[in-house]
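Trainee: Build me a model:
(one chain, ligands or ions: 1)
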Amino acid sequence: MIPIANPDITEKDKQAVLKVLESGMLASGPEVKKFEEEFAAFVGADYGIATSSGTTALDTAVQICGLKAGDRVITTPFTFIASCNSLLFNSVKPVFADIDYTTFNLDPVKVREILEKDPEIKGMLPVHLFGQSANMTELMELAEEYNLIVIEDAAQAHGASHCGRRAGSFGQAGIFSFYPTKNMTTGEGGMLVTSDANTARRARKTINHGRAGDYQHEVLGYNFRSTDLAAALGRQQLSRLEDDNEKRRENARYLTDKLKELDWLEVPEERPENYHVYHQYTVRLRPLNLENHEKAQDYNELKNCFAKVERCRDQLVEHLKEWGVGCGIYYPLPAHKQPLYRKRGYDRYSCPRAETAASQVLSLPVHPALSQSDLEKIVKAVSCFSKKFLR
Ligand SMILES: Cc1ncc(COP(=O)(O)O)c(C=O)c1O
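Mentor: Below is the predicted model of the structure:
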């Protein structure tokens, strides 16, 4: 089976971790410090604070960037649930805006519509999904106009850029995840980056029991720290990240070249101002003979229109499995339709593009470990999926 993700652990990675094991310094020490400096420099930020996961980096950012309980923050519903859970954990209310069709990320037009109606909104949490940056030029213009605190969820966008600037470096804080499926990994792990000294100081305290000096606890904090074991692995992975991202891009180009003519499928698009790092290579199943979905008035109507597409997608997943090709559906249900969010009344938001994307998307393997014959097999398997299923 060609896996959808394949963490790349080299002999050098193992040696770096072994060296830490033999040093006796297993907690947060010199490796963490170097990893923080190197990663922040890579992103183009002044400070990096390594954490135990992307989720804890995000939770820390939401806590310390100046948001208060009850504040409202605009975000995307088409993401992994941790993005908006970080708001709920801090009693901040997500306001869901619909996504851009091409990038799957927050649509600045929709964000503006919401801000015009609700100018008291305090923040914005854009996500750079699948390795492609959101339109940070327009989103940052809106943030300036409406005085918004911006926290970027770049958990899937290590090395991605927009207009030559790296994802994670636009807002007051940006966060990354080093979970094993990501473009680089430390096992579990995350990083908060910022160029604001005060934000960095507060983040550092919050992830370390609110500690200012030796057993001086100034604010309520957690243990969200990273370890030298994770950091040693992270430093090695970071040193290969740009080459690995280039390999992902090459693989994506190959897949797009071979799959773009299929009339039942839409290949991912890279916007010209973006450098896409293809954390995922995500295609859409195009609904053939389905003209009325644009007129659908509500979620249930839309769901019926797209139920057929979902059934075809299930068949495609099965078909790929038979061919030995792994795939993934990221994400089958937008956040505002998740049971937790429904219970809290968030399904009142209407985000038809996010809702239809959830029915259409399918991610194919694109990771750097794919061989030429793997790529050929993926193309063959997808191409021979009978389009009759889609009619
Ligand atoms: C968009 C997004 N945000 C946040 C996270 C949370 O990161 P972690 O799994 O490292 O806690 C993830 C992880 O998959 C993610 O994809």
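Trainee: Any idea which residue is closest to the centre of the protein?
Mentor: The centroid of the chain falls nearest to residue 156 when counting by C-alpha atoms, centre = their mean (3.5 Å).
Trainee: separation between that residue and the ligand?
Mentor: Using C-beta to the nearest ligand atom, to the nearest Å, residue 156 is found at 5 Å from the ligand. Where you see a C-beta, it was placed from the backbone N, CA and C, and this is true even at glycine.
Trainee: Return the residues in contact with that residue.
Mentor: Taking C-beta atoms under 8 Å, 6 or more residues apart in numbering as the criterion, residue 156 is in contact with 127-131, 177, 182-183, 279-280.
Trainee: Is residue 191 in a helix, a strand, or coil?
Mentor: For residue 191, the assignment made with DSSP: H, G, I helix; E, B strand; the rest coil gives strand.
Trainee: Would you mind confirming that it makes contact with residue 175?
Mentor: Yes: between residue 191 and residue 175 a contact is recorded at 6.9 Å, counting by C-beta atoms under 8 Å.
Trainee: the more surrounded of the two?
Mentor: Neighbour comparison, residue 191 and residue 175: the larger count goes to residue 175, with 32 against 29 (by other C-beta atoms under 10 Å).
Trainee: beta partners of the more buried one?
Mentor: Beta bridges link residue 175 to residue 153, residue 192, judged by DSSP bridges.
Trainee: Next, count neighbours for residue 37.
Mentor: 13.
Trainee: Who wins on neighbours among the contacts of residue 156?
Mentor: residue 128 (33 neighbours).
Trainee: List the contacts of the residue of the stretch 51-200 of the chain at minimum distance from the ligand.
Mentor: Nearest residue of the stretch 51-200 of the chain to the ligand: residue 54, at 2.5 Å (C-beta to the nearest ligand atom). Taking C-beta under 8 Å, 6+ apart, we find residue 54 in contact with 82, 153, 155, 175-179, 189-190.
Trainee: 6 Å - rerun?
Mentor: 155, 175, 177, 190 (C-beta atoms under 6 Å, 6 or more residues apart in numbering).
Trainee: neighbours of the last one, just the number please.
Mentor: Yep, that's residue 190 we're talking about. Residue 190 has 28 nearby residues by other C-beta under 10 Å.
Trainee: just the one 5 residues further on next, same as before
Mentor: Using other C-beta under 10 Å, residue 195 has 17 neighbouring residues.
Trainee: repeat for residue 92
Mentor: 23.
Trainee: and it, what does it touch?
Mentor: Contacts of residue 92 by C-beta under 6 Å, 6+ apart are 67, 71, 73.
Trainee: which helices and strands does whichever helix in the chain runs longest pack with?
Mentor: Assignment by DSSP state H gives helix 228-259 as the longest helix of the chain. Counting contacts by 3 or more C-beta pairs under 6 Å, 6 or more residues apart in numbering; DSSP states H and E, helix 228-259 packs against helix 11-23, helix 30-43.
Trainee: all strands of the stretch 151-300 of the chain, in order?
Mentor: Applying DSSP state E, counting those that start in this stretch to the stretch 151-300 of the chain gives strands spanning 161-162, 165-166, 173-177, 190-194, 211-213, 216-217, 265-266, 274-275, 281-285.
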